[in-house]
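Peer 1: Fold the following, please.
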Amino acid sequence: MSSNYAKVLLFLLPVAIAANMPSPTNVVINEIAWMGDVNNWRNEWIEIYNNSGQKVDLNGWSLQVDSKITPHNGNIGPFSFFILAKNDNTIHDNLLKGSLNNNGGTIILRDNIGRIADRVDFVQGWPAGDNLSKRTMERKGPELSGSGKSNWQTSARPHGTIGSKNSLSSLYSQFISRADILVEDNGKQNNRSFIGFVGIGALCSLSLATAGAYLNFRIKQYNINNLKD
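Peer 2: Residues are numbered from 1 along each chain as shown. Down below sits the predicted model:
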């Protein structure tokens, strides 16, 4: 690991402690296939994202789609995804109760004591997604409001990005990609590259703690994978 890399980690990791501890706002609604897919409009799904460096136990959590409530079972890993799907033929962790109205709706994520962890409220119409091309509605940044129209985009990929990072037109996905490049280069980048990484995080309205936690998480993954080799 280069000295530049070490300096940046010494700066980021202390503030990453807070982001490593999951809280209700760390787990968010990340992608919505309100239009189904090309095979069947009933193949609707909702993706949950854990924006923290720790595994979160979802037992006792629930997702409410309008008046229908789906209880959660299982865990969601650090910076990982959890899929609730309407039908068995879609990749999923849990089945989703209720249906997503093409004209809009309200989705509420609650934790195991009933607190609202996230809310997507667009009863007047979904701000993103396309029914004709079956492109999903993707969240741009996990730390921005789930009910803010500007925080959603139509996926750059047909069928969306189920179970993986959102399409690269998202600024947040650029932040993730920049972190991955830094880690895979094993710290060979200069200070300007690290400043760019933090800068993109700031444009996404990510806290410095979250940026540090994600970089720390990717470094651990990188080291584990290298040990396997």
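
Peer 1: where in this protein is pLDDT low?
Peer 2: 1-25, 168-173, 184-196, 198, 203-207, 224-229 (pLDDT under 70).

Peer 1: Quick one: the strands in it, in order.
Peer 2: Taking DSSP state E as the test, the strands found in the chain are 27-33, 45-50, 56-57, 62-65, 68-71, 75-76, 81-85, 94-95, 105-110, 116-122, 137-139, 152-154.

Peer 1: mind giving me CSV with these and columns for mean neighbour count and distance to residue 146?
Peer 2: Where you see a C-beta, it was placed from the backbone N, CA and C, and this is true even at glycine. As requested, those are exported to CSV (neighbours: other C-beta atoms under 10 Å; distance: least, C-beta to C-beta, whole Å):
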stretch, mean neighbour count, distance to residue 146
strand 27-33, 24, 6
strand 45-50, 25, 11
strand 56-57, 18, 17
strand 62-65, 21, 12
strand 68-71, 13, 17
strand 75-76, 18, 16
strand 81-85, 20, 15
strand 94-95, 16, 19
strand 105-110, 19, 8
strand 116-122, 19, 4
strand 137-139, 25, 7
strand 152-154, 20, 9
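
Peer 1: Check the spacing between residue 26 and residue 39 real quick.
Peer 2: 33 Å (C-beta to C-beta, to the nearest Å).

Peer 1: how is this protein carved up into domains?
Peer 2: Domain ranges of the chain: 3-21+170-228, 25-153, per automatic domain parsing.

Peer 1: Nearest to residue 159, out of those domains?
Peer 2: Closest to residue 159 of these, according to C-beta to C-beta: domain 25-153, at 5.7 Å.

Peer 1: longest single helix anywhere in the chain?
Peer 2: If each helix of the chain is counted by residues according to DSSP state H, the longest one is helix 208-228.

Peer 1: okay, which residue is most central for the protein?
Peer 2: residue 49 (3.7 Å; C-alpha atoms, centre = their mean).
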